[in-house]
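1. sharing a model that was predicted from the sequence below.
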Amino acid sequence: MKIRNKAEHPWYYEFFFNYFDGAGLPKAQTSRLNKFDTEKFKGEFVFDVGWGNSQPGSWKDDKYTLEVVFMDTLVGAVTFECGDEEEEGEPELLLSHDKAITSGKINRKPSSFQHEDNQDASMDQLLDEMNQLIGLEQVKQKIRETISYLNFAR
C-alpha cells in the first residue's frame, strides 16, 4: 500500500489489514503501529504488508478480501484470488467490505429484499442505509457477519 504524506510534522499511525475468505469469514489480521517521520519520508511511503508464509497451503484456492483500516476508519477494501498462477496488477479499490460482498466479487450475488416502502431494495442499498445510522457498531457488525454466514450457507 502506498500513502502520500501531506503533514509537515511527525505523526503516529495505526493501520490494520483484515483478510477475509470467500465466505466473508476472517482469515487473518496484520497491523502497523508507528510514528511517521516526516524528515525521513518525504512524499510517498510504501507499506509492504502481507500474511502467510512460503509453505504451500496457508492460502487455499479461493477469493479473498483485504480491508485497510486507518485509525479505526475503514478506508477501503480490495478483492484478490489465490490459485495456481501468479498475476501482478492493481486491484479495484472498493470503499467497504460490504461493497465487495454485494458486488459479487466474493463468490456471491447481491440479494433483493422488500424495503419498508414496498420498493425493491438491493442488499447494497440496505447495508448503506444501515451504515449511515449512528451508533450500534456491534449490532451492525453482527448483521454483516450473519449476512456473510447466510450467503455462505446458500
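-> Structure's in. What do you need?
2. kindly list the longest helix within the chain.
-> helix 137-153 (DSSP state H).
3. by contact count, what packs against that one?
-> Judged by 3 or more Cβ pairs under 8 Å, 6 or more residues apart in numbering; DSSP states H and E, the packing partners of helix 137-153 are helix 97-102, helix 123-132. Using the backbone N, CA and C atoms, a C-beta is placed for each residue, glycine as well.
4. out of those helices, which gets the lowest mean score?
-> Mean pLDDT is lowest for helix 97-102 among these, at a mean of 56.
5. A28 touches G50, doesn't it?
-> No. Look at A28 against G50 with Cβ atoms under 8 Å: they stay out of range, at 9.5 Å.
6. higher neighbour count, these two?
-> More crowded of A28 and G50, by other Cβ atoms under 10 Å: A28, with 16 against 11.
7. residues contacting the residue nearest the centre of the chain?
-> The centroid of the chain falls nearest to E67 when counting by Cα atoms, centre = their mean (2.3 Å). Each residue near E67 by Cβ atoms under 8 Å, 6 or more residues apart in numbering is listed here: 16-18, 20, 74, 76-77, 97.
8. who does Y19 form a beta bridge with?
-> When bridges are called by DSSP bridges, Y19 pairs up with A28, L66.
9. check contacts around it.
-> Contacts of Y19 (Cβ under 8 Å, 6+ apart): 26-29, 51, 64-66.
10. of the residues you listed, grab the buried ones for PyMOL.
-> To isolate the buried ones among the contacts of Y19 in PyMOL, judged by 16 or more other Cβ atoms under 10 Å, type:
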select buried, resi 27+28+64+65+66
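11. need the contacts of Y19 in CSV with distance to I3, can you?
-> Converted to CSV, those look like this (distance: Cβ to Cβ, whole Å):
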residue, distance to I3
P26, 24
K27, 24
A28, 21
Q29, 19
W51, 19
Y64, 22
T65, 20
L66, 15
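12. low pLDDT regions in the protein?
-> Applying pLDDT under 70 to the chain picks out residues 43, 49, 52-54, 56-57, 95-120.
13. circling back to that earlier point, just flag the most distant two among the contacts of E67.
-> F20 and G76 (13.7 Å; Cβ to Cβ).
14. the two: which is more packed in?
-> F20 (22 against 18).
15. go ahead and confirm that one touches P26.
-> Yes. With contact defined as Cβ under 8 Å, F20 reaches P26; the gap is 5.9 Å.
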